[in-house]
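J.: Provide a 3D model corresponding to the input given below.
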Amino acid sequence: MRRLKGEFVNLLEEEIGRYPVLYCGAWLKEQLNSRTDDLVSKCLLWISQYGARPVLPVGWKKYVLWQYTDGHGGPEPHMVAGIGPCDRNQFNGTITQLRRVWPFSQQQRIALSQRDR
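T.: Modelled structure (predicted):
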């Protein structure tokens with residue numbers, strides 16, 4: 001499994017020129033068992049943790065996104081007007097930084113959506 005994970009992360013980095021975003025929570029912390037994984041920790045971290053603040057897995061100094069609620073647990077706000085309770089996330093930075101992290105232009109989004117049909 002470890003070899004497959006490494007191949008997957010390396011393949012994505014080769015194909016798109018950057019490491020993938022890793023969405024995780026308690027499961028990753030359990031799998032790491034207080035050990036750093038040098039390859040996986042190169043991935044941007046989107047942490048799911050419904051507490052007052054995220055506690056990062058070993059190997060990460062910061063997160064990119066924090067899913068702080070599923071619409072019920074975790075800090076407020078839980079609601080979106082016209083939608084109700086739902087998952088809510090917080091970006092760890094400015095809007096300019098967000099655009100750098102997710103640099104997909106409208107043209108790239110259209111190309112990706114057409115390819116996936």
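J.: could you use CA atoms for every contact and neighbour count after this?
T.: Fine.
J.: SS state for the residue positioned nearest the centre of the chain?
T.: Centroid-nearest residue in the chain: W46, 2.4 Å away (criterion: Cα atoms, centre = their mean). The three-state label given to W46 by DSSP: H, G, I helix; E, B strand; the rest coil is strand.
J.: for beta bridges, what are the partners of it?
T.: Note on W46: beta-bridge partners Y23, L65, judged by DSSP bridges.
J.: residues contacting it?
T.: Residues near W46 by Cα atoms under 8 Å, 6 or more residues apart in numbering: 21-24, 63-67.
J.: for PyMOL, write the selection for the buried entries among those residues.
T.: Command for PyMOL that selects the buried part of the contacts of W46, burial taken from 16 or more other Cα atoms under 10 Å:
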select buried, resi 21+22+24+63+64+65+66+67
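J.: longest helix anywhere in the chain?
T.: The longest helix of the chain (DSSP state H) is helix 2-16.
J.: next, the buried residues of that helix.
T.: Buried-residue list, helix 2-16, by 16+ other Cα under 10 Å: 9-10.
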